[in-house]
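**Student:** sequence and computational prediction follow.
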Amino acid sequence: MTYYRHHVFFCVNQRSNGEPCCNDFQAQAMRDYAKSRIKALGLSGRSKVRINNAGCLDRCNEGPVIVVYPEEVWYTYVDQEDIDEIIESHLQNGQVVERLKI
């Protein structure tokens with residue numbers, strides 16, 4: 001059994017060379033939003049959901065990106081509504097959000 005039911009990594013990398021990166025799309029703010037929503041819904045903690053920062057996940061051209069383990073599902077997103085959909089559909093109900101999958 002895994003320690004967390006879902007472990008979600010948000011790329012929050014900021015490149016200094018001017019190349020595209022996830023933090024150009026407010027990745028840190030979206031990660032913070034996801035973490036607060038998970039806590040508000042009572043979904044955080046052992047055997048539940050963990051939201052983490054990640055450095056570069058090397059998919060910046062598809063970004064911003066998150067990856068959900070243990071399923072290894074990669075998502076992109078645009079706004080808080082997309083994050084809400086991933087939380088509700090995938091993290092709460094086990095249904096991959098195909099339209100956001102990369």
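**Tutor:** Cool, the structure landed.
**Student:** which residues of this structure score low on pLDDT?
**Tutor:** 1 (pLDDT under 70).
**Student:** and the helices in it?
**Tutor:** 27-40, 80-85 (DSSP state H).
**Student:** between those helices, which one is closest to residue 3.
**Tutor:** Within the helices of the chain, the stretch nearest residue 3 is helix 27-40; the backing value is 15.4 Å (Cβ to Cβ). For every residue, glycine as well, the C-beta is placed using N, CA and C.
**Student:** quick check: buried residues in the closest one?
**Tutor:** 27-28, 30-31, 33-35, 37-38 (16 or more other Cβ atoms under 10 Å).
**Student:** export these to TSV and tack on distance to residue 59?
**Tutor:** Compiled in TSV, the buried residues of helix 27-40 are given as follows (distance: Cβ to Cβ, whole Å):
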residue	distance to residue 59
27	12
28	17
30	15
31	16
33	20
34	18
35	21
37	23
38	23
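**Student:** out of those residues, which comes closest to residue 82?
**Tutor:** Nearest to residue 82 among the buried residues of helix 27-40, with distances taken as Cβ to Cβ, is residue 30, at 8.6 Å.
**Student:** contact partners for the closest one?
**Tutor:** By Cβ atoms under 8 Å, 6 or more residues apart in numbering, the contact set of residue 30 is 10, 64, 77, 80, 83.
**Student:** hang on, the earlier thing: just put the helices of the chain in a markdown table and tack on distance to residue 55.
**Tutor:** Listed next are the helices of the chain as a markdown table, based on distance: least, Cβ to Cβ, whole Å:
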| stretch | distance to residue 55 |
| --- | --- |
| helix 27-40 | 11 |
| helix 80-85 | 20 |
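**Student:** sorry, back to before: which of the contacts of residue 30 sits closest to residue 91?
**Tutor:** residue 83 (10.2 Å).
**Student:** so the closest one makes contact with residue 76?
**Tutor:** No: Residue 83 is beyond contact range of residue 76, at 11.1 Å (criterion: Cβ atoms under 8 Å).
**Student:** more neighbours, the two?
**Tutor:** residue 83 (21 against 17; other Cβ atoms under 10 Å).
**Student:** state the distance from the more buried one to residue 44.
**Tutor:** 15 Å (Cβ to Cβ, to the nearest Å).
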